[in-house]
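Novice: Sharing a model prediction with you, sequence too.
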Amino acid sequence: MTPTTDALLAQLSLDAYSDAPMELPPGFTALDPSNFNMTLAPGETFSEGIFHSGNAAATLSVGWVEELPAIVVAFRGSDDTADSLQDLNGINDAYPAFSSLIAAVDNASAAWGAPVIVTGHSLGGAMAQLYMEDHPNVAGEPGHAAVTFGSPGAVLPDGTDVRITNYVIADDPAVVLGAHRAEIGEVLRASPELADLAATQIAQELPGITKEQALASLPSLTVNYDNHGQIVLLPTADGGLDPESALAGLAKLDADRHDMGLYLTGLPGATEPGGSVILPEAPATDPTLHALQAIYDGSGWDPDASREVAHDLLRSWAEDRLGTLPSEVTDAIDRLQSGLDDIGQDLQLV
């Protein structure tokens, strides 16, 4: 995808949060059931390009993308309690709500000979990941591509996907909390005081969630989310793109850095010299890239480095809020670090 296309998809991802039809880019037309000969199931609505299924939502349009007519699906991110609970307990559970829509899009793609491009922010990016996992390209048939923004990832099988690009703001906590979901859950289950502190902040940041619901999610935090595809890393609020700046920014757990508007305004700078860092899916030998991959990659290719990142983030976050850490908290964090080899020092993550 070109930077122009990525900016177009960023705007569509932002517009996907609206329940009112938004102005589409020039040359794009909103789709509705009549375009697909689609019968809506109970609980579904679909009008003027906006599809709802329970709490799930997406926008659909068709238009010219890089000189090809394409169907574009923009999945909506988290905006209510049900979404937040799925984010915490199992993000893949949100995907089946789109099954009838996806079947209609697949049929239309085959009938029209049009490729499908999926996009989305936050939970919407995770839905794009799951769509791509279910839609390998087949020779002689229309292809598929995806661009995500601030995606926390999903539970995916091992693998890579060159068709996907993931934009990540370096101090966006949602991406890293997804990538280190299992390691963080391990510590929180071992430290009731730290878990209570984390649940309090989650209740303040996630739409509609209560502290009790956040605490109840702890047993499910056993598997990391992952994003297939390369990551385009955008700068922190302080302009940093190095591992040290990223960890310092992430320790603040500033939910405002997850805002889709920041992705939209930050995209133009990504093509400027020093405006972004490309993180490949394959393990990097360059020390800086290797350290950045340990922060943002949830695939588990380097579990020791991943645990080291989670350890450092939790300790910095807890110290920022508690000052001197109680022994119970330090013991829980130290248990996470025990058994690690020297990779943390080799990577110089802090």
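Specialist: That came through fine.
Novice: Could you list which residues are in contact with the spatially most central residue of the chain?
Specialist: Geometric centre of the chain, nearest residue: Ser151, 1.0 Å, by CA atoms, centre = their mean. For Ser151, the contact set (CB atoms under 8 Å, 6 or more residues apart in numbering) comprises 120-122, 124-126, 128-129, 166, 168, 175, 178, 227. C-beta: built from backbone N, CA, C; applies to glycine.
Novice: Show me which of these is closest to Gly261.
Specialist: Lowest distance from Gly261 to the contacts of Ser151 (CB to CB) belongs to His121, with 9.7 Å.
Novice: pretty sure Ser78 is touching Gly208, no?
Specialist: No: counting by CB atoms under 8 Å, Ser78 does not reach Gly208; the two are 9.2 Å apart.
Novice: just to revisit the earlier point, show me how to select, in ChimeraX, the buried members of the contacts of Ser151.
Specialist: Of the contacts of Ser151, the buried ones can be selected in ChimeraX as follows, counting by 16 or more other CB atoms under 10 Å:
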select :120,121,122,124,125,126,128,129,166,168,175,178,227
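Novice: If we only consider the contacts of Ser151, which is nearest to Gly43?
Specialist: Gly124 (19.3 Å).
Novice: Would you check how far apart the residue nearest to that closest one when sequence neighbours are not counted and Thr160 are?
Specialist: Spatial nearest neighbour of Gly124, chain neighbours left out: Phe75 (3.6 Å); criterion: CB to CB, 6 or more residues apart in numbering. Distance, Phe75 to Thr160, by CB to CB, to the nearest Å: 21 Å.
Novice: quick one on the thing from earlier: the residue nearest to Gly124 - how many residues pack around it?
Specialist: 31 (other CB atoms under 10 Å).
Novice: mind listing the strands for this structure?
Specialist: 29-30, 44-47, 50-53, 56-65, 68-75, 116-121, 144-149, 164-169, 230-234, 277-279 (DSSP state E).
Novice: got JSON lines for those strands, with mean pLDDT and distance to Ser100 too?
Specialist: JSON lines is the format used below for the strands of the chain (pLDDT from 0 to 100; distance: least, CB to CB, whole Å):
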{"stretch": "strand 29-30", "mean pLDDT": "96", "distance to Ser100": "18"}
{"stretch": "strand 44-47", "mean pLDDT": "96", "distance to Ser100": "7"}
{"stretch": "strand 50-53", "mean pLDDT": "97", "distance to Ser100": "7"}
{"stretch": "strand 56-65", "mean pLDDT": "96", "distance to Ser100": "11"}
{"stretch": "strand 68-75", "mean pLDDT": "97", "distance to Ser100": "13"}
{"stretch": "strand 116-121", "mean pLDDT": "98", "distance to Ser100": "16"}
{"stretch": "strand 144-149", "mean pLDDT": "98", "distance to Ser100": "18"}
{"stretch": "strand 164-169", "mean pLDDT": "98", "distance to Ser100": "24"}
{"stretch": "strand 230-234", "mean pLDDT": "97", "distance to Ser100": "31"}
{"stretch": "strand 277-279", "mean pLDDT": "97", "distance to Ser100": "35"}
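Novice: would a markdown table of those with distance to Gly249 be doable?
Specialist: Converted to a markdown table, these look like this (distance: least, CB to CB, whole Å):
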| stretch | distance to Gly249 |
| --- | --- |
| strand 29-30 | 38 |
| strand 44-47 | 40 |
| strand 50-53 | 34 |
| strand 56-65 | 30 |
| strand 68-75 | 26 |
| strand 116-121 | 19 |
| strand 144-149 | 17 |
| strand 164-169 | 9 |
| strand 230-234 | 12 |
| strand 277-279 | 14 |
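Novice: Does Leu194 touch Leu314 like I think?
Specialist: Yes: here Leu194 reaches Leu314: they are 7.3 Å apart, a contact under CB under 8 Å.
Novice: thinking again about what came up before, what's the distance between the residue nearest to Gly124 and Val65?
Specialist: 17 Å.
Novice: Excluding chain neighbours, give the residue nearest to Trp317 in space.
Specialist: Nearest one to Trp317, counting by CB to CB, 6+ apart, is Ala251 at 5.1 Å.
Novice: Leu313 versus the one you found, what's the distance?
Specialist: 6 Å.
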